[in-house]
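> Here's my sequence, what's the structure:
(2 chains)
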Amino acid sequence: MPVDWFPLTLSLRVAALSTAASLVVGMAVAYLLANSRFRGRNLLDAIFSLPLVLPPTVLGWYLLVLIGRETPFGRLYEAVFGSPLVFTWQAAVVAAFIHSAPLQVKLVRAALESVDHSYERAARSLGASEPRLFLFITLPLAWRSILAATALCFARAMGDFGATLMVAGNIPGKTQTVALAIYDAVESGNGATARVLVLVVSGLALVLLTLANRIGEAWLPNTRNASR
Amino acid sequence: MIEIRITKTFAARRDSSPFKLDLAFDAAPGITVLFGPSGAGKSLTLDCVAGFAEPDSGRILIDDAIVYDSGTKVSLPPRVRRCGYVFQNYALFPHMTLRDNLAFAAASRLPRLDRTRKVDEMLERFHLGDAAGRKPHELSGGQKQRCSIARALISSPRVLLLDEPARGLDAPLRADFYNVLREVRTEYQTPIILVTHSLDECLELGDRMLVVSEGRLAQTGTPAEVCAHPATLDLAELMGIFNVIPVEIRALDPGRNIGVVRWGDYDFQTEYLRGFFIGDRVKLLAAPRQLRAMPRLGRVGPNQVPLQLLRVVDLAHAVRLEFSSGVTAEIPPGGSLDRNNGDWVVEFPTRGLRVL
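As a prediction, this is how the structure comes out:
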């Protein structure tokens, strides 16, 4: 029986879009958390970490409360785009984003904070403004770690199941991502399809993780030289 | 010209005792050395001037401009203070070539048209032309040093701050570095504040020396003065360059400018000891090179004490003799030295010894 590859391509598309979004949002939040001291910083950090520990169904429920058809956001979306957001593949992007962005925030923050503070002090004493410091010093010194974080984030975005199920549903050929397709295949006794998809997804994740490790490692010898 | 008056208090933590920084000093063009043991507050002071740390109270003026004032709640960010800071690890940006490191510094404060010219000028002045295209990890230690100083100077800072820049360098590199710094002192009218805990560095470079101990200024003066006449016993011990000998004053004769002190069973003649009385128990400070030492031959002469030679240490520029009772003397290297004979006499000079 031929395997339907739609779920896999959908998953890749969903993960790519949500990773792009979480890179932008994650950088901003991570920068804020790493660089400023304000009241409620720890609370903000905790809120952004919540999706890492909550059950996916809880996330899905929150998402429905936020973007469901009867909510202000849902109505706005429907007014602008002409159709509801829930139970579309775009909703799957939102679910994947919520599932993976917190990881991006955590890892990017760690990457930004791992840059030797004496470089930042040096740049400041040389008269550099904060944007210049970030663009020309912090970012170039942290970009490998950020890239590694993005690869991990992409892998995680591919793996969401619960939240996607709740907000995007499991509509074959429309919102059925690879994680849902595997569940369906197992449920309906279609072992061959399940095996193929499982192997492909595992292989892809393995490649991504190895890549992330290599990107992260390659930077280390240089950083060590620099701090000498 | 810099004027600094700051206090900063740190409460006791589980791993540290409470600490209070309370300093007031100024620094004119030339090299002002902050000397003191680790944890005395020297680097913290530099950080306060540069704006990396904020004092609890006080005021910092650089060229008559206020950069920090607790009274009016002014605390300028480091970016606008125009302090050139040379870090202990140089903090050269590792992803940029040496030229780019300088260009980054030039871009912040110089007009666009001047930048390239100024960068070239600095590269030439600090003999970095050949290495301009290399990244910091491809540079020698000396090049890194010169680059970090050039980078700090390129935008004409109002003060140059150096945080133990020669720590951990081997002797030739350190000598190079001292030369560079001496050149900078003569060519630029920028006040330089140098933090160190090396007395040699103070003597080699310092125009003025401020001894910082436990967050306070303990003594100021030229390095030669401070080293020859430490203000207190604690400072003398901190410097670690004196034999501290407990003596009792036996006689004082202001007319002939003579004093006599007794250490154990031996009397020494000294200068008249102003401000002390007969019977006072005081400490005599004698630098190792002020003492003469020789193997004992017969009777012990005036101002001499017989001591056991315990150890002979060959130093680069002297031979250090360590005697019983903790007395150390230094003699010039070379010459035959009977290392096996344990009976020696040490002779104290009658002039130039300090009493506390």
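> drop to CA atoms for contacts and neighbour counts, all remaining ones
Fine.
> Was I right to think B:Lys42 contacts B:Val212?
Yes: with contact defined as Cα atoms under 8 Å, B:Lys42 reaches B:Val212; the gap is 6.9 Å.
> which residue is nearest the centroid of chain A?
The centroid of chain A falls nearest to A:Ser100 when counting by Cα atoms, centre = their mean (3.2 Å).
> show me the contacts for that one.
A:Ser100 makes contacts with A:19, A:22, A:153-154, A:156-157, as judged by Cα atoms under 8 Å, 6 or more residues apart in numbering or on different chains.
> Just among the residues you listed, which is most surrounded?
A:Cys153 (32 neighbours; other Cα atoms under 10 Å in any protein chain shown).
> Please report phi then psi for that one.
Per-residue torsions, A:Cys153: phi -60, psi -40 (degrees, to the nearest 10).
> Tell me how far it lies from chain B.
26 Å (Cα to the nearest Cα, to the nearest Å).
> Low-confidence regions, the chain specifically.
I'll assume chain A. A:1, A:218-228 (pLDDT under 70).
> hmm, I had chain B in mind actually
For chain B, the ranges with pLDDT under 70 are B:335-336, B:338-340.
> quick one: the helices in it?
B:42-50, B:98-109, B:112-125, B:141-153, B:171-187, B:199-205, B:223-228, B:233-239 (DSSP state H).
> Now render the ones you listed as JSON lines, adding distance to A:Ala194 and mean neighbour count.
Shown next, in JSON lines, are those (distance: least, Cα to Cα, whole Å; neighbours: other Cα atoms under 10 Å in any protein chain shown):
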{"stretch": "helix B:42-50", "distance to A:Ala194": "62", "mean neighbour count": "23"}
{"stretch": "helix B:98-109", "distance to A:Ala194": "55", "mean neighbour count": "23"}
{"stretch": "helix B:112-125", "distance to A:Ala194": "63", "mean neighbour count": "16"}
{"stretch": "helix B:141-153", "distance to A:Ala194": "59", "mean neighbour count": "24"}
{"stretch": "helix B:171-187", "distance to A:Ala194": "67", "mean neighbour count": "15"}
{"stretch": "helix B:199-205", "distance to A:Ala194": "73", "mean neighbour count": "18"}
{"stretch": "helix B:223-228", "distance to A:Ala194": "81", "mean neighbour count": "19"}
{"stretch": "helix B:233-239", "distance to A:Ala194": "76", "mean neighbour count": "16"}
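> residues touching the nearest residue to B:Arg292 once chain neighbours are set aside, list them.
Spatial nearest neighbour of B:Arg292, excluding adjacent residues (Cα to Cα, 6 or more residues apart in numbering or on different chains): B:Glu347 at 5.0 Å. By Cα under 8 Å, 6+ apart, the residues touching B:Glu347 are B:291-293, B:302-305.
> which of those lies closest to chain A?
B:Leu291 (42.1 Å; Cα to the nearest Cα).
> How many residues are close by the closest one?
18.
> ok, it - contacts?
B:329-330, B:346-349.
> 10 Å instead?
B:243, B:304, B:327-331, B:346-349 (Cα atoms under 10 Å, 6 or more residues apart in numbering or on different chains).
> Just the ones of these in strands?
Using DSSP state E, the subset of the contacts of B:Leu291 located in strands is B:243, B:304, B:328-331, B:346-347.
> Taking chain B, what residue is nearest to chain A?
Checked against chain A (Cα to the nearest Cα), the nearest residue in chain B is B:Arg79, 4.1 Å away.
> Next up, the contacts around the closest residue to that residue other than its chain neighbours.
Among residues not flanking B:Arg79 along the chain, A:Gly127 sits closest, at 4.1 Å (Cα to Cα, 6+ apart). With contact set as Cα under 10 Å, 6+ apart, A:Gly127 has these partners: A:121, A:133, B:77-84, B:104-109, B:155.
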